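[1] no sequence for this one, just the structure:
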C-alpha cells in the first residue's frame, strides 16, 4: 500500500463539528428521542447499541438523507438541510453500480469540479491504498464482498469529507482484513483528521478506533432511544488491543448492551 498522505493528496477538507440537539425521529413510533450529542471537529465517535435502536437513522440524519421529526442536526453550526456536500457516507452494503468498474465507482465520490487527470490520479492512489489496484477495471460482480466494501470506503474517502459517516463499513470483511482496514482508517484519520461518526456492532472495534463511544438505548419506561452512556476511551491510537483498560470498558459496554458478565 502507498503512503497515506500521498494518497490523500491536496484535496483534504477541514474537519467540521457535528451537533444533535433535542433530536427525535419517529416512523409511526419513536425510534430516537431527545438525542443531545456534540462531536468535536476531528473527533472519532463510535455509536453502539442494540439492533433497531436508531444508530443508522442518526447517521442518515447527519448526512441529510433523512430529516428529524423533532430537534436539529447541525454541521459547523449550520442546520443540515438536504444532502450536505461536506459529508461522505460509507454504507453497510457497498452499493456499487454493477455496470461500472471498481475505479469508476470510486470516482463517483470525487468532489464536483475535480479535473479529470487529478481525479484519475487520486482514484488510482486510493485503490492502491485499500489494496484494489489490481481490481480497478473489474466489475462489482467480479470481486468478493470484502473487496466491494473496500471500494465503498475508497469512494467515501475520495471526497475528502469534512464529516465521514460510516455505517458498519467493515462488516462484510473477514477478521484479518477487518483488522487491516481498521488500521487503515486510523492511518487515514492521522493524515487528514476528518470528523468520523462510526456505527458498529463490534465493541472491540469501537474501543480500538474511537476517541469516545456513545451507547444508544431506551431508558426505563421511555419510547425511543437516546444517549444512555458516553465513554471516553483512554490511550493514544493505535491502541494495544490487549490493554486491560480496554478490556474493562468492553465489559461495561457489553453490560450496557444487555450481555451479562460472568465470573470465572
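    Looks like it came in fine. Quantities reported herein were computed from a predicted structural model and do not represent experimental measurements.
[2] SS state for the residue at minimal distance from the centre of the chain?
    Nearest to the mean C-alpha position of the chain, counting by Cα atoms, centre = their mean, stands residue 166 at 2.0 Å. The local conformation at residue 166, judged by DSSP: H, G, I helix; E, B strand; the rest coil, is strand.
[3] residues in contact with it?
    Shown in contact with residue 166 (Cβ atoms under 8 Å, 6 or more residues apart in numbering): 59, 89-90, 153, 156, 196-199. Bear in mind the C-beta positions are built from the backbone N, C-alpha and C, glycine included.
[4] among those residues, which lie within strands?
    Using DSSP state E, 89-90, 196-199 are the members of the contacts of residue 166 that sit in strands.
[5] closest to residue 75 out of the residues you listed?
    Using Cβ to Cβ, residue 197 is the member of those that sits closest to residue 75, with 10.9 Å.
[6] ok, that closest one - how many residues close by?
    26 (other Cβ atoms under 10 Å).
[7] so it makes contact with residue 165?
    Yes. The criterion here is Cβ atoms under 8 Å, and residue 197 meets it with residue 165 at 5.2 Å.
[8] between these two, what contacts are shared?
    Both residue 197 and residue 165 are in contact with 59, 62, where contact means Cβ under 8 Å, 6+ apart.
[9] and the next helix or strand past the lowest-mean-pLDDT helix or strand in the chain?
    Every helix and strand of the chain was ranked by mean pLDDT, DSSP states H and E. The lowest is helix 4-8, at a mean of 56. As assigned by DSSP states H and E, the chain's next helix or strand after helix 4-8 is strand 18-26.
[10] direction included, what does that following strand pair against?
    strand 30-39 (antiparallel), strand 70-75 (antiparallel) (DSSP bridges).
[11] pull out the buried positions in that strand.
    Buried positions in strand 18-26, judged by neighbour count with 16 or more other Cβ atoms under 10 Å: 18-21, 23-25.
[12] using JSON lines, lay out those together with distance to residue 84 and pLDDT.
    Output for the buried residues of strand 18-26, formatted as JSON lines (distance: Cβ to Cβ, whole Å; pLDDT from 0 to 100):
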{"residue": "18", "distance to residue 84": "10", "pLDDT": "97"}
{"residue": "19", "distance to residue 84": "13", "pLDDT": "97"}
{"residue": "20", "distance to residue 84": "14", "pLDDT": "97"}
{"residue": "21", "distance to residue 84": "17", "pLDDT": "97"}
{"residue": "23", "distance to residue 84": "16", "pLDDT": "96"}
{"residue": "24", "distance to residue 84": "20", "pLDDT": "96"}
{"residue": "25", "distance to residue 84": "17", "pLDDT": "96"}
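[13] check the residues you listed and tell me the two furthest apart.
    Going by Cβ to Cβ, the pair spanning the buried residues of strand 18-26 furthest: 18 and 24, at 16.8 Å.
[14] sorry, back to before: mean pLDDT, distance to residue 45 and mean neighbour count added to the strands paired with strand 18-26, as a markdown table?
    Converted to a markdown table, the strands paired with strand 18-26 look like this (pLDDT from 0 to 100; distance: least, Cβ to Cβ, whole Å; neighbours: other Cβ atoms under 10 Å):
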| stretch | mean pLDDT | distance to residue 45 | mean neighbour count |
| --- | --- | --- | --- |
| strand 30-39 | 96 | 5 | 20 |
| strand 70-75 | 96 | 14 | 18 |
